[in-house]
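Asks: Just the structure for this:
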Amino acid sequence: MENNFLNLQKNRRTIYALGKNVKQDSDEIADLIKETIKQAPTPFNSQSTRAVILFNNAHKKLWDIVLNNLKPHLKTEDAVKATTEKINGFSNSFGTVLYFTDMDVVHGLEEKFPAYADNFYDWSEQSQGNAQYAVWTSLAENGIGANLQHYNPLIDEDVAKEFDIPASWKLRGEMDFGSIEAPAGDKDYMDDEKRFKIFK
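Replies: Below you'll find the model as predicted:
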C-alpha cells in the first residue's frame, strides 16, 4: 500500500523550538495556508473556518496580547518568568495562524436544517480540526514546524480589537510556525488493543 501520507503524518509533530529561518517567504506560506484550508472538508460544504495569518509586527503583537492577558493571573515571580519565556518562544517563530469559526454560518445552518440543529456546532469543531491538522501537515511537508495553542477566550476581546475581527468570528486556536530549531522528542503510543476493534 502507498504510505506517502502516513509519512507526512509522522513528520507532523508539535515543535516548540521555532525560529525565523524558513526558506519560503510570507506570501508563499500564506498562499499554502489559504489553499490548504480551502481544500479541507466541511459538513454541507459550510466552509465555516476562517483564518487570520500574522507575520512580522502583527505576529509579535498577538503574543504580546497573550502575555499581557496572562500576567494578571500569575501569582508568583517564578510563574511570570516561566510564562514570559514560554510566550517569547512563540513570538520568536516566523508567524501565527489564528483559527476562527464564523458563527453566522453555524447559526444559519441550524435554522436551515432544524433536524440537525444540535449537531452543527460540533460539526464546525470537526471542520476546525480538519483545517488545523491539514495546515499543520502541509507546513511540515515544507520543512516548517508548528504548535497549536488555545489562549482563547482569554484573549478574544483584544484580538478582535487589534485585528478588526468580525463579531461573528469565534477564536478557536492559535498556531505559531517557523523554522525547526530543535526536533520534537520521542512519542509514546498506547497499545493498539486498547484503542482499536476490528471485525472481519
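
Asks: May I have the secondary structure class of A167?
Replies: coil (DSSP: H, G, I helix; E, B strand; the rest coil).

Asks: I'd like to know how far it sits from N92.
Replies: Per CB to CB, to the nearest Å, A167 is found 32 Å from N92. In this view, the C-beta of every residue, glycine as well, is placed from N, C-alpha and C.

Asks: same check, this time on A58
Replies: Applying CB to CB to A58 and N92 gives a distance of 15 Å.

Asks: Looking at those two, which is more packed in?
Replies: Neighbour count, other CB atoms under 10 Å: between A58 and N92, N92 has more, with 17 against 14.

Asks: tell me the centre residue of this structure?
Replies: Central residue of the chain (CA atoms, centre = their mean): M175, 3.7 Å from the mean position.

Asks: Okay, and that one sits in which element?
Replies: Assessed by DSSP states H and E, M175 sits inside strand 169-180.

Asks: Relative to that strand, what are the paired strands and their orientations?
Replies: Using DSSP bridges, the strands paired with strand 169-180 in its sheet are strand 18-19 (antiparallel), strand 95-102 (antiparallel), strand 144-149 (antiparallel).

Asks: The shortest one: how far from the chain's middle?
Replies: Using CA atoms, centre = their mean, to the nearest Å, the mean C-alpha position of strand 18-19 is found 16 Å from that of the whole chain.

Asks: sorry, back to before: which residues touch the residue nearest to the centre of the chain?
Replies: 96-97, 99, 132, 135-136, 146-149 (CB atoms under 8 Å, 6 or more residues apart in numbering).

Asks: any idea how far I15 is from it?
Replies: 11 Å.

Asks: again, but for K71
Replies: Taken as CB to CB, the span from K71 to I15 is 26 Å.

Asks: Equivalent analysis for N57, please.
Replies: Going from N57 to I15 by CB to CB gives 23 Å.

Asks: Just want to know which of the two has more residues nearby.
Replies: Neighbours per residue (other CB under 10 Å) separate N57 from I15, with I15 holding more: 23 against 9.

Asks: backbone phi and psi for that one, please?
Replies: I15 adopts backbone torsions of phi -110, psi 120, taken as degrees, to the nearest 10.

Asks: Disregarding flanking residues, what is the spatial nearest neighbour of it?
Replies: G145 (3.2 Å; CB to CB, 6 or more residues apart in numbering).

Asks: Fine, thanks again, bye for now.
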